[in-house]
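> Show me the folded form of this:
(one chain, ligands or ions: 2)
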Amino acid sequence: MAEDVTTVEDHLRRILDAVAPLPDYPQPLMESLGLAAAEDVVAPIRLPSFDNSGMDGYAVCQADVASASAESPVHLPVVGEIGAGQARLLAMSPGTAVKIMTGAPVPTGADSVVPYEWTDRGVAKVRIDKAPTLGQHVRRAGEDVQEGDVLIEHGTVLGPRHVGLLASVGRATVRSRPRPRVVILSTGSELREPGTPLGHDTIYDGNSYLLAAAARRAGAIAYRVGIVPDEPRAFLDALDDQLVRADLVVTSGGVSQGDFDVVKEALRPLDTMWFGGVGMQPGKPQGFGTVGDDATPIFTLPGNPVSSYISFEVFVLPAIRTMMGLSPVSRPTRRARLTHPISSPAGRRQFVRGDFAVDRGGPFVTPVGGHGSHLIGDLASSNALVVVPEDVTSVPAGEQVQVLWLDEEF
Ligand SMILES: Nc1nc2c(c(=O)[nH]1)N[C@H]1C(S)=C(S)[C@@H](COP(=O)(O)OP(=O)(O)OC[C@H]3O[C@@H](n4cnc5c(N)ncnc54)[C@H](O)[C@@H]3O)O[C@H]1N2
Ligand code: MOO
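Ligands and ions are numbered 1, 2, ... in the order given. I've put the predicted structure just below:
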């Protein structure tokens, strides 16, 4: 049977048609960091919530001290003391002063605060050497946030400052889409767990770590199942065990033309699965579909490490971001000047490993290593992928190219 070959765009469309944002629910604030808000957050209270002092000093009526100077100080009786969180004294009369600490409510009757530094710090009575302007060092109720203000718009990705603001207005939770739970399985009887001995024909399972780390970096919760041997029954059992905790499954290996291509063999009978070639390099052999009672999306990525990583970037990352309600779903491309020429196969979009940087001439990118999809060392030395379109077979040095800058937050 001839292999179904498709374009990167069509394959991505197939994927995005099959994944939907996860339902939102109220999340505890610390869980919401990095998630998209799924509500317009309206301030339930104003901030500051009451007039309060911006300095440790004395609350006064400004008219009483307006003439104060070092040469001609003003003396006032001190009639009380207000600490932050312990305001028993609520009002004062003109002609008096009240000791007040930073953050404590300014009593009715006072309109300004004299910092300690402008006084003799007196206890029963205070000498004031300098006058505040009217309202000075009083932080007005509502001057920062008014009740009813829209503080955070639907879709905003919540960062530390948003979390701080939500807590400050008394919100303990915020509606947001949860992190998708991504289960990662790597297949291959040649694979061994890092930290265990290697035989003459075995290799370490780098991919499940690579993909789990990429999934976590994308914002997902990654469950790295690790190694499954090249036996369809063992693979299907492992998959079945994992579906209960999966919003998305990613496998690596076993999808090309080999005699032991376990993933393809096990899943091809399902009419919810597609297997075929995608016009890209690395990453040609691909599979995607849904499995289990909940129609859980599954990506069956090729086993070569660079192929699986680039497939993650191009296909899995947009699915995770869709589920999280983040946009854009795909990493934005940047333009950069190519420092060395590159060649590329006709009819396949090539992703060339590169080093992206910016100098006075603007952004530039230098190809790193060879084209081989087993070159994990070169992959780790690069921070970008140069995207060479399907119809381009060579790009000279100095040309502007499209680049995926892999370390960029977006
Ligand atoms: N006759 C053909 N052979 C191959 C074709 C083809 O079109 N015709 N395509 C090649 C391309 S392109 C790729 S990519 C690979 C994809 O193969 P599989 O997805 O079936 O992956 P495997 O055969 O299981 O492994 C490929 C390669 O990667 C190593 N590997 C696998 N898993 C891991 C892991 N978890 N950590 C590290 N390395 C891993 C594995 O040992 C193999 O060297 O097929 C080509 N062949
Ligand atoms: O497509 Mo394979 O992923 O070139 O090495």
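> what residues does the stretch 101-250 of the chain put near ligand 1?
Within the stretch 101-250 of the chain, the positions near ligand 1 by C-beta under 6 Å from any ligand atom are 186, 188, 190, 191, 203, 205, 206, 207, 208. Glycine gets a C-beta too; all of them are placed from N, C-alpha and C.
> The last one against residue 228, yeah?
So that's residue 208. No. The pair residue 208 and residue 228 does not pass the contact test of C-beta atoms under 8 Å, sitting 9.7 Å apart.
> what do these two both touch?
Common neighbours of residue 208 and residue 228, using C-beta atoms under 8 Å, 6 or more residues apart in numbering, are 185, 186.
> picking that back up, could you export the residues of the stretch 101-250 of the chain next to ligand 1 as JSON lines, including distance to residue 347 and secondary structure?
As requested, these are exported to JSON lines (distance: C-beta to C-beta, whole Å; DSSP: H, G, I helix; E, B strand; the rest coil):
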{"residue": "186", "distance to residue 347": "29", "secondary structure": "strand"}
{"residue": "188", "distance to residue 347": "29", "secondary structure": "coil"}
{"residue": "190", "distance to residue 347": "31", "secondary structure": "coil"}
{"residue": "191", "distance to residue 347": "32", "secondary structure": "strand"}
{"residue": "203", "distance to residue 347": "31", "secondary structure": "strand"}
{"residue": "205", "distance to residue 347": "32", "secondary structure": "coil"}
{"residue": "206", "distance to residue 347": "29", "secondary structure": "coil"}
{"residue": "207", "distance to residue 347": "27", "secondary structure": "helix"}
{"residue": "208", "distance to residue 347": "31", "secondary structure": "helix"}
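> Let's see the ChimeraX selection covering just the buried ones among the residues you listed.
Entered in ChimeraX, the line below selects the buried ones among these, by 16 or more other C-beta atoms under 10 Å:
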select :186,188,190,191,205,206,207,208
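> What residues does the stretch 301-410 of the chain have near ligand 2?
302, 304, 307, 373.
> surely the last one meets residue 307?
When you say that, I think you mean residue 373. Yes. Using C-beta under 8 Å, residue 373 is in contact with residue 307, at 4.4 Å.
> Mutual contacts of those two, please.
282, 283.
> Would you mind telling me which of these two has the busier surroundings?
Using other C-beta atoms under 10 Å, the more surrounded residue of residue 373 and residue 307 is residue 307, with 26 against 21.
> looking at this, that one is in a helix?
Yes. Assessed by DSSP: H, G, I helix; E, B strand; the rest coil, residue 307 belongs to a helix.
> any idea how far the nearest residue to it once chain neighbours are set aside lies from ligand 2?
What sits nearest to residue 307 in space, not counting adjacent residues and going by C-beta to C-beta, 6 or more residues apart in numbering, is residue 282, at 3.8 Å. Distance of residue 282 to ligand 2, given as C-beta to the nearest ligand atom, to the nearest Å: 3 Å.
> Might one say that residue 282 is in contact with residue 301?
No. Counting by C-beta under 8 Å, residue 282 does not reach residue 301; the two are 10.4 Å apart.
> okay, these two: which has more neighbours?
Taking neighbours as other C-beta under 10 Å, residue 282 and residue 301 compare with residue 301 leading, 29 against 24.
> Contact partners for the more buried one?
The neighbourhood of residue 301, defined by C-beta under 8 Å, 6+ apart, consists of 211, 250, 251, 252, 255, 283, 286, 307, 308, 311, 312, 316.
> give me the number of residues near residue 398?
Using other C-beta under 10 Å, residue 398 has 11 neighbouring residues.
> what's it in contact with, if anything?
Residues near residue 398 by C-beta under 8 Å, 6+ apart: 337, 338.
> what residues does the stretch 301-410 of the chain put near ligand 1?
302, 303, 304, 305, 307, 373.
> wait, which of those is closest to residue 96?
Nearest to residue 96, judged by C-beta to C-beta, of those is residue 305 at 76.5 Å.
> Leaving out chain neighbours, which residue sits closest to the closest one?
In space, residue 305 is closest to residue 376, 4.5 Å off (C-beta to C-beta, 6+ apart).
> The one you found contacts residue 304, doesn't it?
No. Here residue 376 does not reach residue 304: they are 9.2 Å apart, not a contact under C-beta under 8 Å.
> the more surrounded of the two?
residue 304 (23 against 17).
> who's in contact with that one?
282, 373, 374.
> Same list as before, those that is, but in TSV and with distance to residue 342 and secondary structure included.
Formatted as TSV, the contacts of residue 304 follow (distance: C-beta to C-beta, whole Å; three-state DSSP):
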residue	distance to residue 342	secondary structure
282	14	coil
373	16	coil
374	19	coil
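> closest to residue 196 among those residues?
Checking the contacts of residue 304 one by one against residue 196 (C-beta to C-beta), the nearest turns out to be residue 374, at 21.1 Å.
> How about that closest one, nearest residue that isn't a chain neighbour?
residue 304 (5.5 Å).
> May I have the phi/psi pair for the one you found?
phi -60, psi 130 (degrees, to the nearest 10).
> residue ranges with poor pLDDT in the protein?
Within the chain, the segments meeting pLDDT under 70 span 1-2.
> Now the lengthiest strand in it: buried residues?
Across the chain, the longest stretch assigned as strand under DSSP state E is strand 349-359. For strand 349-359, the neighbour count (16+ other C-beta under 10 Å) marks 349, 350, 351, 352, 353, 354, 356 as buried.
> Just give the closest residue to the fifth one, not the sequence neighbours.
In this case it means residue 353. Going by C-beta to C-beta, 6+ apart, residue 353 has residue 382 as its nearest residue, at 3.9 Å.
> Tally up the residues packed near that neighbour, please.
So residue 382, with other C-beta under 10 Å, has 21 neighbours.
> show me what contacts it?
Contacts of residue 382 by C-beta under 8 Å, 6+ apart are 353, 354, 355, 368, 369, 406.
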